[in-house]
Every structure is written in structure tokens, then in C-alpha cells.
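Peer 1: no sequence on hand, only this structure:
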């Protein structure tokens, strides 16, 4: 059987490490999306250009926070590109959500935060964490630290 928590010689992670990456993406995405979504909800952002700007900020911040740490990147362009791509992905996912879930109302209300008569896509507190978690999982799984794989690439084949 062997130790399943270590990377295989070909650089692929086994199930426990990959699951840890997914859980980190969920955790980091929920924190970033929840914080920005709560702030946007309190500021009264509902739809239109401000909603797209809000979700662009969510995607950009998730691109910076998730994956390999900013200070461990080879250049500063890598996290910047992850952030810009995240902004585009989040805006695209929000556009898709408005088309698919446009008229869906939440089955509950939170007094002082949002009412149950507004569509789900107009409540950043509900949408931002979902978008952030989706992109956070992608970045964590794709850009996670691969120390053993990177160390093994420098060796000459025998």
C-alpha cells in the first residue's frame, strides 16, 4: 500500500493531498467571498455594473489568495494573471447565474441583511461565496505547491 500522503514519483498527488487542496479552496473561497459579499450587500449592491465589479474583485482576490503563496511565486506576474483570469471567470459565472437563476428567490430571509422577495442573484452575500469557492478550488488544485515534483525535475534520467 505505502504512504498515500506523499506525492508519487511522477508528481501527481494521491487522494488525501488532493482532497486537502479542495478543502483549502473551499475554506479560502468562503472567507474571501463571504467578506466581500457581506460588504457588497451592506453597500446595497444588487445588479448591474456594480455587481459585475463586485464579482470581478472577488475573482481577483481569490486568484491572489488561493494556490501558491504570492511571495513564493517566481514572478509577481503569476498571481496578477491568476487574479485577472479570476475576475473574468467570476464575471462570466455571474452572467451565467443571472441567465439560469434570474427569477429564483431564496426560501428564507435574514433580517437586516436581505429579504426573501429579491432574486438570489441580486444578493451578493449568497452569490459571492459560491463564485469564490468554485474558482478557489480550481486555483488550489491547479496551483498547489509541488515541492517533490519540482525537485525531481532537476535530476537527469538514469
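Peer 2: Now that the structure is in, tell me what you want to look at. As the structure is a computational prediction, the values presented were derived from the model and not from experiment.
Peer 1: okay, which residue is most central for the chain?
Peer 2: For the chain, residue 136 is the residue whose C-alpha lies nearest the centre (CA atoms, centre = their mean; 2.3 Å).
Peer 1: need the three-state assignment for it.
Peer 2: At residue 136 the chain is in helix, as set by DSSP: H, G, I helix; E, B strand; the rest coil.
Peer 1: elements contacting the longest helix belonging to the chain?
Peer 2: Longest helix in the chain by number of residues (criterion: DSSP state H): helix 15-43. Under the contact definition 3 or more CB pairs under 8 Å, 6 or more residues apart in numbering; DSSP states H and E, helix 15-43 sits against helix 49-65, helix 124-143. C-beta coordinates here come from the backbone N, C-alpha and C atoms, glycine included.
Peer 1: what's the angle between the very next helix or strand once past the first one and helix 124-143?
Peer 2: By that I understand helix 49-65. For helix 49-65, the following helix or strand on the C-terminal side (DSSP states H and E) is helix 77-101. Helix 77-101 runs at 130 degrees relative to helix 124-143, counting by axes from the mean of the first three to the mean of the last three CA atoms, to 10 degrees.
Peer 1: and helix 77-101, what's its mean pLDDT?
Peer 2: Taken as a whole, helix 77-101 has a mean pLDDT of 90.
Peer 1: what comes up buried for it?
Peer 2: 78-79, 82-83, 85-87, 89-91, 93-94, 97-98 (16 or more other CB atoms under 10 Å).
Peer 1: closest one of these to residue 123?
Peer 2: Residue 123 lies nearest to residue 97 out of these, by CB to CB, at 11.3 Å.
Peer 1: distance check, that closest one against residue 143.
Peer 2: 25 Å (CB to CB, to the nearest Å).
Peer 1: next one: residue 20
Peer 2: Counting by CB to CB, the gap from residue 20 to residue 143 is 14 Å.
Peer 1: these two: who's more crowded?
Peer 2: More crowded of residue 20 and residue 143, by other CB atoms under 10 Å: residue 143, with 17 against 14.
Peer 1: so where's this protein uncertain?
Peer 2: Across the chain, residues meeting the criterion (pLDDT under 70) sit at 1-15, 112, 144-158.
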